[in-house]
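*Asks:* Have a look; sequence and predicted model below, questions after that.
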Amino acid sequence: MAFESIGEMMESLARDAVSIAAREYKIDLDYAGGSLQQVESIMGILYERSPQGMFADLAAKPVDGAELERHCKLWGGYIGEVVRKRWGGEWILASYPGWKALVPAVEVNGARLFPMMKVHRRLTQGSDESVWSFYQMLSNKLGVEAKVQ
């Protein structure tokens, strides 16, 4: 499927995440900030699929690299759309600190956020990288006023 913009692609991935959450986890995601608590529970399920964490040792399980990328895109797209819908902003391609490759990022209120990278850290490092805690931190930094759409 061809997309006209990175924003269109990320919106599509977010819609796919909503469908997967309903179908596979029986969770209804509504793009509200509180829904990221449910996304965090999905991240916990994915992480706990193996004793060391599903994606913790990619060298031992190279097949998991593609699966990890898929989850980063899906859930990162959803998280980014929640942020974008709440505070405005737009999807861009930007260089992640320390990387040469461009990745999708959300620019909002002068901040550049990398939700796919947050999902990557959550799935490889565990609950210390909670997406719910990340969202709460954003709420404190960006303010509690929601953008009216």
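*Replies:* That came through, no problem.

*Asks:* Buried ones in stretch 77-91, by neighbour count?
*Replies:* 77-89, 91 (16 or more other Cβ atoms under 10 Å). Where you see a C-beta, it was placed from the backbone N, CA and C, and this is true even at glycine.

*Asks:* ugh, wrong one, I meant stretch 88-106
*Replies:* Buried residues in stretch 88-106 (16+ other Cβ under 10 Å): 88, 89, 91, 94, 96, 103, 104, 105, 106.

*Asks:* From these, pick the one nearest residue 40.
*Replies:* Nearest to residue 40 among these, counting by Cβ to Cβ, is residue 106 at 18.3 Å.

*Asks:* what about dumping the CA coordinates of the helix ranked longest in the chain to PDB?
*Replies:* Looking across the chain with DSSP state H, the single longest helix is helix 64-87. Output of helix 64-87 as PDB, limited to C-alpha atoms (Å, rounded to 0.1, in the frame of the first residue of the first chain):
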ATOM      1  CA  ASP A  64      12.400 -12.000  16.400                       C
ATOM      2  CA  GLY A  65      14.000  -9.000  14.700                       C
ATOM      3  CA  ALA A  66      11.200  -8.700  12.100                       C
ATOM      4  CA  GLU A  67       8.500  -9.300  14.800                       C
ATOM      5  CA  LEU A  68      10.100  -6.600  17.000                       C
ATOM      6  CA  GLU A  69      10.100  -4.200  14.100                       C
ATOM      7  CA  ARG A  70       6.400  -4.900  13.400                       C
ATOM      8  CA  HIS A  71       5.400  -4.300  17.000                       C
ATOM      9  CA  CYS A  72       7.500  -1.100  17.100                       C
ATOM     10  CA  LYS A  73       5.700   0.200  14.100                       C
ATOM     11  CA  LEU A  74       2.200  -0.800  15.200                       C
ATOM     12  CA  TRP A  75       2.300   0.300  18.800                       C
ATOM     13  CA  GLY A  76       4.600   3.300  18.200                       C
ATOM     14  CA  GLY A  77       2.100   4.400  15.600                       C
ATOM     15  CA  TYR A  78      -0.700   4.200  18.100                       C
ATOM     16  CA  ILE A  79       1.200   6.000  20.800                       C
ATOM     17  CA  GLY A  80       2.200   8.700  18.400                       C
ATOM     18  CA  GLU A  81      -1.400   9.200  17.300                       C
ATOM     19  CA  VAL A  82      -2.600   9.500  20.900                       C
ATOM     20  CA  VAL A  83       0.000  12.200  21.500                       C
ATOM     21  CA  ARG A  84      -0.700  13.900  18.200                       C
ATOM     22  CA  LYS A  85      -4.500  13.900  18.800                       C
ATOM     23  CA  ARG A  86      -4.100  15.300  22.300                       C
ATOM     24  CA  TRP A  87      -1.500  18.000  21.700                       C
END
